[in-house]
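Enquirer: sequence plus the predicted model coming up.
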Amino acid sequence: MTRAPWRSPLLPAVLGLGAGVLYANFVLDWVRRGSASLGHAVSELAAPGESQAWVYRAGEVGCAALVLPLLPAVRAGLPAGPGREVVTGATAVFAVGAATAGLVPTPCGPGVVRDQVDRRPRSDLHDGASIVSDSALYLGVAAAWATTRHRGPRWFHRAAGWVLCLGSGSSLVYGYARPSAGRRWVAGVSQRVNVVTISAWLGCLGVLAARAARDRAARPPT
């Protein structure tokens with residue numbers, strides 16, 4: 001029986017790298033406002049009334065739209081077993097959560113200031129979707145690290161370890177600094193480290209998927 005041709009290895013790479021770029025869209029505000037933007041949470045940039053808010057919301061939704069079709073090739077690039085199912089499933093939850101957070105933005109932007117940042121009006125759905133999204137992604141990273149510990153690409157295993165350390169560390173710092181207006185810069189910088197870490201991981205998934213597609217395309221048809 002002859003199997004259908006596998007997609008070009010270029011496509012998964014483009015999907016992963018594109019998703020990473022879209023997820024790190026805070027860079028646009030960094031270019032526009034300079035270092036002053038670091039004192040604001042990324043979600044505040046997409047609040048109603050903020051300049052170019054639609055760009056940030058579209059970026060999260062676009063990221064999810066690129067991640068979901070990437071997952072079959074990611075799954076093919078991982079060793080068989082329950083670990084790869086956790087990676088693909090958790091990453092799918094991340095994509096859905098990110099899209100939800102983009103579609104339901106937080107109600108207040110950087111212009112609304114309180115002594116305690118968490119006293120400002122918030123969207124429970126937005127915050128919940130963001131927490132679920134990030135948690136699911138790092139669950140997938142942990143599963144990727146575990147499932148490639150003895151089998152699978154060594155570079156991918158090392159990348160998962162770095163992402164897990166940087167992501168969990170920056171998330172803890174953000175959770176500590178976020179409630180206080182006096183630590184806004186600490187919260188802003190740590191959150192952006194977390195975003196860049198996630199973006200880099202999405203790029204790694206794209207490379208893994210591209211290599212899996214290349215290897216499958218190189219096999220003789222049966």
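Expert: On my side now, so go ahead.
Enquirer: mean pLDDT per helix and strand in this structure: which one sits at the bottom?
Expert: helix 26-33 (a mean of 73; mean pLDDT, DSSP states H and E).
Enquirer: got a list of contacts for it?
Expert: Contacts to helix 26-33, defined as C-beta atoms under 8 Å, 6 or more residues apart in numbering, come from residues 37, 38, 40, 42, 45, 51, 52, 55, 56, 192, 195. (Glycine included, C-beta is placed from N, CA and C.)
Enquirer: most neighbours, which of the residues you listed?
Expert: The residue in these with the most neighbours, by other C-beta atoms under 10 Å, is residue 45 (26 neighbours).
Enquirer: what secondary structure does that one sit in?
Expert: helix (DSSP: H, G, I helix; E, B strand; the rest coil).
Enquirer: residues in contact with stretch 65-82?
Expert: Applying C-beta under 8 Å, 6+ apart, the contact partners of stretch 65-82 are 7, 12, 15-16, 18-19, 22, 84-85, 87-88, 91-92, 94-95, 99, 144, 147-148, 151-153, 202, 205-206, 208-213, 216.
Enquirer: Throw the contacts of helix 26-33 into TSV and include secondary structure, distance to residue 104 and pLDDT, thanks.
Expert: Shown next, in TSV, are these (DSSP: H, G, I helix; E, B strand; the rest coil; distance: C-beta to C-beta, whole Å; pLDDT from 0 to 100):
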residue	secondary structure	distance to residue 104	pLDDT
37	helix	22	69
38	helix	24	72
40	coil	19	73
42	helix	15	76
45	helix	15	74
51	coil	20	71
52	coil	18	74
55	helix	16	80
56	helix	13	82
192	helix	21	89
195	helix	18	92
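Enquirer: out of the residues you listed, which one sits closest to residue 165?
Expert: Nearest to residue 165, judged by C-beta to C-beta, of these is residue 195 at 15.9 Å.
Enquirer: verify the stated contact: the closest one with residue 23.
Expert: Yes. Contact criterion C-beta atoms under 8 Å: residue 195 and residue 23 qualify, at 6.5 Å.
Enquirer: narrow the contacts of stretch 65-82 to those in strands?
Expert: Among those, no member falls in strands (DSSP state E).
Enquirer: ok, and for stretch 10-24, which residues are buried?
Expert: Applying a neighbour-count criterion of 16 or more other C-beta atoms under 10 Å, one finds 11-13, 15-24 buried in stretch 10-24.
Enquirer: figure out how far that stretch is from the centre of its chain.
Expert: Counting by C-alpha atoms, centre = their mean, to the nearest Å, stretch 10-24 is centred 11 Å from the centre of its parent chain.
Enquirer: before we move on, what about stretch 201-209?
Expert: The answer for stretch 201-209 is 11 Å, by C-alpha atoms, centre = their mean.
Enquirer: contacts for that stretch, please.
Expert: Contacts of stretch 201-209 (C-beta under 8 Å, 6+ apart): 12-20, 23, 63, 67, 70, 73-74, 76-78, 91, 137, 141, 153, 156, 159-160, 163, 167.
Enquirer: next, format the contacts of helix 26-33 as JSON lines and append distance to residue 129.
Expert: JSON lines is the format used below for the contacts of helix 26-33 (distance: C-beta to C-beta, whole Å):
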{"residue": "37", "distance to residue 129": "23"}
{"residue": "38", "distance to residue 129": "24"}
{"residue": "40", "distance to residue 129": "19"}
{"residue": "42", "distance to residue 129": "14"}
{"residue": "45", "distance to residue 129": "16"}
{"residue": "51", "distance to residue 129": "23"}
{"residue": "52", "distance to residue 129": "21"}
{"residue": "55", "distance to residue 129": "19"}
{"residue": "56", "distance to residue 129": "15"}
{"residue": "192", "distance to residue 129": "19"}
{"residue": "195", "distance to residue 129": "15"}
